[in-house]
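[1] any chance you can model this:
(one chain, ligands or ions: 1)
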Amino acid sequence: MRIVLLGAPGSGKGTQAALLKDHFSIPHISTGALLREAVADATPLGLQAKELLDRGELVPDDVMVNLIRERLGQDDVRDGFILDGYPRTLAQAEALDTLLTELGQPVEEAVLIEVDGNQVVERIAKRAAEEGRSDDTEDVVRKRLQIYEEQTAPVAGHYAELGLLTRVLGEGTIEEVLERIKGALLLGAAG
Ligand code: AMP
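    The predicted structure is shown next:
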């Protein structure tokens with residue numbers, strides 16, 4: 001199963017991706033987590049990305065395309081993967097299509113988790129308290145939501161055009177949302 005999970009910051013994408021990973025026994029690839037790891041390890045990528053992450057801005061497409069190419073080249077993705085946080089721009093989506101076509105492993109399903117703006121802000125405030133992420137402050141969250149609307153929301157349209165997009169309501173309990181996503185994935189696979 002090769003899945004792209006889409007949704008605004010705070011939509012619950014990361015939480016759901018982690019649960020789907022266990023359910024389907026396929027890797028959960030979070031580009032945000034890969035970048036935070038690089039920052040913590042002070043690698044050249046981390047040094048380049050740190051300020052952008054702290055400001056809530058996107059890391060340049062060419063850097064991200066290289067990062068995802070390297071990750072998707074690893075052996076553990078042969079039976080599928082869940083992408084969380086990538087692609088975030090149309091250019092990244094197109095580069096991913098090219099890469100996965102080359103690998104003979106195209107995306108099978110894109111799931112967009114939809115939540116209203118107020119809930120997003122509430123959820124991020126909760127995560128800020130729990131995880132202490134440096135980009136969960138109010139100003140940075142506002143910036144990340146703006147960038148999502150401008151640059152990432154069109155990515156859903158890209159997958160809709162390919163006939164791969166399912167929209168799922170992201171409200172309710174974590175379990176309820178998970179069941180909706182699993183249902184959507186089953187229907188997509190059957191249809
Ligand atoms: P996330 O954990 O997905 O919310 O990502 C945290 C931050 O990492 C984002 O605000 C961006 O600064 C950066 N980032 C993660 N994924 C990408 C991506 N695909 N393209 C550009 N920047 C990204």
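[2] in this structure, which residue sits nearest the ligand?
    Shortest the chain-to-the ligand distance, computed as Cβ to the nearest ligand atom: residue-wise this is residue 32, at 1.9 Å. No exception for glycine: its C-beta is placed from N, CA and C like everyone else's.
[3] in three-state terms, label that residue for me.
    Going by DSSP: H, G, I helix; E, B strand; the rest coil, the secondary structure assigned to residue 32 is helix.
[4] and the gap between the spatially closest residue to it that is not a sequence neighbour and residue 4?
    Distances taken as Cβ to Cβ, 6 or more residues apart in numbering place residue 85 nearest to residue 32, at 4.5 Å, with adjacent residues excluded. Taken as Cβ to Cβ, to the nearest Å, the spacing of residue 85 relative to residue 4 amounts to 10 Å.
[5] looking at the two, which is more packed in?
    Neighbours per residue (other Cβ atoms under 10 Å) separate residue 85 from residue 4, with residue 4 holding more: 25 against 22.
[6] mind checking which helix or strand residue 10 is in?
    Taking DSSP states H and E as the criterion, residue 10 maps to no regular element, lying outside all helices and strands.
[7] quick one: contacts for it?
    Residues touching residue 10, when contacts are defined by Cβ atoms under 8 Å, 6 or more residues apart in numbering, comprise 115, 119-124, 127, 141.
[8] go on, residue 81?
    The contact partners of residue 81, taken as Cβ under 8 Å, 6+ apart, are 2-3, 26-29, 72.
[9] before we move on, back to that, in this structure the residue of the chain closest to the ligand contacts residue 67, no?
    No - here residue 32 lies out of contact with residue 67, judged by Cβ atoms under 8 Å, at a distance of 11.2 Å.
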